[in-house]
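In: Could you work out the structure for the sequence below:
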Amino acid sequence: MDVSATPAATALTLGPKVPSDREKLTAAAKQFEAIFVRQMLASARATSFGKDGLFGQMDQTFVQMRDDRFAEIASQTGALGLAKQIENHLAALLPADAAKTQGAK
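Out: So this is what the prediction gives:
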């Protein structure tokens with residue numbers, strides 16, 4: 001029995017999945033959006049009213065962790081849409097053969 005000729009055998013790969021250019025672009029755009037949101041939140045909170053809060057430095061650490069998590073969630077869900085706009089704009093710069101095989105998302 002020749003196992004290599006079966007459709008199931010040809011569909012299996014032993015190596016890691018190599019992401020396409022479009023998948024790499026999508027991931028990079030989401031990462032950029034997360035960085036951008038973090039910077040916006042940090043700038044918005046930069047104003048100090050001379051009050052340290054109840055726990056001082058621990059409050060600042062918690063706020064930073066919360067902002068980081070919010071930025072990650074916002075970029076992964078596409079809530080702001082910035083990553084999608086970046087991806088669409090930069091997708092035009094992908095090689096023509098990659099754009100044809102992957103199609104528009």
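In: Give me the pLDDT for G81.
Out: We have a pLDDT of 90 for G81.
In: can you check R22 too?
Out: For R22, pLDDT reads 88.
In: mind listing what the closest residue to Q76 other than its chain neighbours touches?
Out: The shortest distance from Q76 to any non-neighbouring residue, by CB to CB, 6 or more residues apart in numbering, is to K30 (6.3 Å). For every residue, glycine as well, the C-beta is placed using N, CA and C. Neighbour list for K30: S75, Q76, A83 [criterion: CB atoms under 8 Å, 6 or more residues apart in numbering].
In: residues contacting P19?
Out: So P19 contacts A27 (CB under 8 Å, 6+ apart).
In: Return the distance of it relative to L25.
Out: Distance of P19 to L25, given as CB to CB, to the nearest Å: 10 Å.
In: do the same with S75
Out: 14 Å.
In: quick revisit: what secondary structure category should be reported for the residue nearest to Q76?
Out: Following DSSP: H, G, I helix; E, B strand; the rest coil, the label given to K30 is helix.
In: what about it, distance to E87?
Out: 8 Å.
In: Same question for A44.
Out: In this view, A44 and E87 are 26 Å apart by CB to CB.
In: more neighbours, the two?
Out: More neighbours surround E87 than the other of A44 and E87, with 19 against 9 (other CB atoms under 10 Å).
In: Can you check the pLDDT for the more buried one?
Out: 91.
In: Please give the element, helix or strand, for it.
Out: Assessed by DSSP states H and E, E87 sits inside helix 82-91.
In: what comes up buried for that helix?
Out: By neighbour count with 16 or more other CB atoms under 10 Å, helix 82-91 contains the buried residues L82, A83, I86, E87, A91.
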